[in-house]
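J.: build the 3D model from these lines:
(chains A and B)
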Amino acid sequence: MTTTHTPANAAVPNALTDTVTVFVRELRPVLRDPVSIVFSMVQPLFFLALFAPLLPGTLGDAAALQWFVPGVIVMSCLFATGMTGSNLLFEMQTGAHERLMVTPLRRSSLLAGRALKEIVPAVAQALIITAATIPFGFRASVLGATAGLLLLAVLAVGLGSLSYALALASKDRDWLFWTVQQTLLFPLLLLGGALLPVSEGPQWLRVLSQINPLTHVVDAERALFAGDLASGAAARGALAAVAVAAVGLYVGIRAMRKE
Amino acid sequence: MIEARGLAKRFTAAKQTVEAVHPLNLDVATGELVALLGPNGAGKSTTIRMLTTLLAPTSGTAYVAGHDVLRRPRDVRLRIGCVGQGNGAGLGHRGRDELISQGRAYGLTTAAARARAAELIASLELQGVADRVVSSLSGGQRRRLDVALGLVHAPQLLFLDEPSTGLDPQNRARLVEHVRRLRADHGTTVVFTTHYLDEADRLAERVVIVDHGRVIADDTPARLKAAHAGDRIALAFDDERAARTAAARAGGVEGAAVERSANRVDVRVAGGARIAPRLLGEFAAHGAAAAEVEVSRPTLDDVFLNLTGRSLREESGDRAAADDGAEDEEKESAA
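T.: You can find the predicted model right below:
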């Protein structure tokens, strides 16, 4: 029997090509329907419009925005990437995931390609939030914001991977995915100090907050958007984001291989 | 093309062990067109999932397209196409995009993948819907798209798991036609599962009948019928006395199984079409002229009935499938 049969003009793809293939597949529906990016950021926009005005205004409106907007950007990233596993969960039910599992695409690429795609909506949403708040007095340093978006991209890959891992673990149990996701979302957000400063809270809350990697990313985003690139906060945030990405990819790829 | 030895799958759920597939040997030669036929839950899909590397067998080995499914799954995946039971195309994607992604997954260049997608869209009659979101397609259109996805890389071996479930008769016939043509044009080896008897009968050159996780028969449809179910000669007589006489005469025919109820007599025998005229003459000569006669060829259901004592037709939930089909038709006409 011949074992070398591959179709005309096909070369066995490498891991990078595989990842790009999955990335492009995931991205296409977003590009075809870019408005979908806005839909998933309705909640962060509400917080921006209805919650920001309630912040203690002792520092003046502009200063409050300066503190609040980076937090909302991280929140928006958390909401969008946290939910993304549901897309995979859906494709596991319809059969699309199974179809991809029978192709020669590497398991690692099936996860990584999906996770990398999370960068696009996360960054797009951050840009929309930044653009929407500039008229109200928000100021961002270009270099700092660029670094901030880079940090956000790394975080998005990590959180997206974790969401996919949760979806894979919830196979045939939708409720499990949503229960875990909803249970984790707000504690992570509130302990991360994205909406209200944690520094005023009791000791136990501050300890929990320090354990939460999101806290460091939020602090880093605040420093970076303010143009403070060389700060310790930026370094700690970068470390936290990379750690989330590393753990996320590891857990996600393992879950995909186990499938 | 396929060489499975002792391939078995055992599931354990809630402390209960289910032998989904008992140790199974299966050989499929290059170019064969094989149907796995059996009721729902017989182990057909589990077998397909093991052969396509989606499910690790509990024991046994399988070489598919020249490679071990356990040790070289990627080599197997490169060479096979598989149309699963679900919808292969992502519902939020466009059909053409999915076909191109699929081509890229098998290493086609973007240009080649595009060309191949266009080719398959034309040959599976998907023009006009290929650039729409998959969720807006009818069941029949989605199924054809699934088949197109399985064919992107021109695989040497194609698996189809229940390809026509939920399709209306017209779309089922169309699908059968596509598979036939694929076979004729490219010599592709095809293995498909079905619980539709007529589909296995019309399409397959070889039928493997599976029941309760075991292969209970494996041959061409014609030979299966000859071996496990004779032709049926259905006779009616003017009165019961004549029927009794006829039943006694028919009982003398070698290999015939005779059943009588009131004035009707059923004779099951190989070569029924040749035997019937002779029998009729014999009946008339003994004063038991038949009033009605009908000779019918056996179906695969007769074979299944003979082998298991159960009818496949009753078990497969054909009614549910017919309902799905009706719904499907509605959507197609609305599209």
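
J.: now do the helices in the chain.
T.: With no chain named, the answer covers chain A. A:15-32, A:35-39, A:42-46, A:61-83, A:85-94, A:96-102, A:107-117, A:119-133, A:142-169, A:174-191, A:203-211, A:213-225, A:232-258 (DSSP state H).

J.: switch to chain B, that's the one I care about
T.: B:44-51, B:73-79, B:95-105, B:110-123, B:139-151, B:169-186, B:197-203, B:221-228, B:240-251, B:272-285, B:300-308, B:312-315, B:318-334.

J.: distance to chain A and mean pLDDT for those - can I get that in a markdown table?
T.: All C-beta atoms are positioned from the backbone trio N, CA, C, and that covers glycine. A markdown table is the format used below for the helices of chain B (distance: least, Cβ to the nearest Cβ, whole Å; pLDDT from 0 to 100):
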| stretch | distance to chain A | mean pLDDT |
| --- | --- | --- |
| helix B:44-51 | 9 | 91 |
| helix B:73-79 | 4 | 92 |
| helix B:95-105 | 4 | 95 |
| helix B:110-123 | 5 | 92 |
| helix B:139-151 | 6 | 90 |
| helix B:169-186 | 11 | 83 |
| helix B:197-203 | 20 | 82 |
| helix B:221-228 | 26 | 79 |
| helix B:240-251 | 51 | 85 |
| helix B:272-285 | 42 | 85 |
| helix B:300-308 | 27 | 79 |
| helix B:312-315 | 24 | 64 |
| helix B:318-334 | 16 | 40 |
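
J.: export those to TSV and tack on mean neighbour count?
T.: Below are the helices of chain B laid out as TSV (neighbours: other Cβ atoms under 10 Å in any protein chain shown):
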stretch	mean neighbour count
helix B:44-51	25
helix B:73-79	21
helix B:95-105	26
helix B:110-123	18
helix B:139-151	25
helix B:169-186	16
helix B:197-203	21
helix B:221-228	18
helix B:240-251	18
helix B:272-285	15
helix B:300-308	21
helix B:312-315	18
helix B:318-334	14
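
J.: rewinding a little: please work out which of the helices of chain A is packed deepest.
T.: Among the helices of chain A, helix A:213-225 has the highest mean neighbour count (mean count of other Cβ atoms under 10 Å in any protein chain shown), at a mean of 26.

J.: got the angle between it and helix A:142-169?
T.: Taking axes from the mean of the first three to the mean of the last three Cα atoms, to 10 degrees, helix A:213-225 and helix A:142-169 form an angle of 160 degrees between their directions.

J.: the helices of chain B: which one's closest to residue A:251?
T.: Residue A:251 sits nearest to helix B:73-79 of all these, at 22.1 Å, using Cβ to Cβ.

J.: pop the domain breakdown of chain B in here.
T.: B:2-225, B:239-297, B:301-333 (the TED database).

J.: can you lay out the ones you listed as a markdown table showing distance to residue A:117?
T.: Shown next, in a markdown table, are these (distance: least, Cβ to Cβ, whole Å):
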| stretch | distance to residue A:117 |
| --- | --- |
| domain B:2-225 | 13 |
| domain B:239-297 | 56 |
| domain B:301-333 | 31 |
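
J.: what's the closest non-adjacent residue to whichever residue of chain A sits closest to chain B?
T.: Residue of chain A nearest chain B, by Cβ to the nearest Cβ: residue A:95 (1.9 Å). Spatial nearest neighbour of residue A:95, excluding adjacent residues (Cβ to Cβ, 6 or more residues apart in numbering or on different chains): residue B:86 at 1.9 Å.
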